[in-house]
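Asks: 3D model of this:
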Amino acid sequence: MTKFWFPLTQNGSNEVKHVGGECMYMNGKLHGDVKVYFNNRNIPYQHTKFKNGIKHGCELQYHINGKLSTSTYYINDKPSGEWKSWYWSGNLWIEANFDDDGNKHGVYHEYYDRTINGKKREYYFNHGKECGTFKAWYKPNINDTTDTKLPLYEYTFNDNNNYCYKEWNKDETVKYDFVYHGDKNTIPKPFRRMKFSTDPSVSSTTTLVKYCFRR
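Replies: This next block holds a predicted model:
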């Protein structure tokens, strides 16, 4: 059994937390459980399973308040299957899935904190590549127990680099509705921060492409 110590900052904080832990080696490589703790074993920080020097099995990370932060399963050092992350409050933040090659695959859900049915974003991956329709919703009232979600924006893209984008105001009237033509890597995010021209012949000064608006 080997014990270790090192300084750590968490979640972008400038506050340094000294953490320590214990691990085991086999033939000079990490093997078995690696346990890391905040403040000299008082609070768990991370628990990871290794096999011959690489992550293989479940890895759990914790917030300093003791609540679970992330849960990841690894196969041969690559994330695989279900992945989840939680807010400091303990509420679910993100849930996603990975294929056996460590790529995001399937539906990706993100939720608002301290809300009921507070879905924030939803989009899909096909072996690491975004596909289908990306959706986002306004944050609901904290006491809203209904499943009604007020849409914020959504966009759909295809392999031909055409992107259909639509955004709503809080009164559910349409704010933007247009088709984007161009390379996905040139699309500024989020869309709602851009200034659009209603003239489809005018090129965007930020992306040097043209927008086609639908009335």
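Asks: Surely T72 and I94 touch.
Replies: No. Taking contacts as C-beta atoms under 8 Å, T72 lies outside contact range of I94: 11.5 Å. C-beta: built from backbone N, CA, C; applies to glycine.
Asks: Quick check on the two: which one has the bigger neighbour count.
Replies: T72 (19 against 16; other C-beta atoms under 10 Å).
Asks: Now name the helix or strand holding the more buried one.
Replies: Assessed by DSSP states H and E, T72 sits inside strand 68-75.
Asks: And for F50?
Replies: Residue-wise, F50 maps onto strand 43-51 under DSSP H and E.
Asks: same question, E82
Replies: Assigned by DSSP H and E, E82 belongs to strand 81-86.
Asks: Just checking: what are the partner strands of that strand?
Replies: Strands flanking strand 81-86 in the sheet, each with its direction: strand 68-75 (antiparallel), strand 92-98 (antiparallel) (DSSP bridges).
Asks: Identify the contacts common to T72 and I94.
Replies: Here T72 and I94 share the contacting residues W83, scored by C-beta atoms under 8 Å, 6 or more residues apart in numbering.
Asks: show me what contacts the residue lying closest to E154 once chain neighbours are set aside?
Replies: Nearest non-adjacent residue to E154, counting by C-beta to C-beta, 6 or more residues apart in numbering: K135, 4.4 Å away. Residues near K135 by C-beta under 8 Å, 6+ apart: R121, E122, Y123, P151, Y153, E154.
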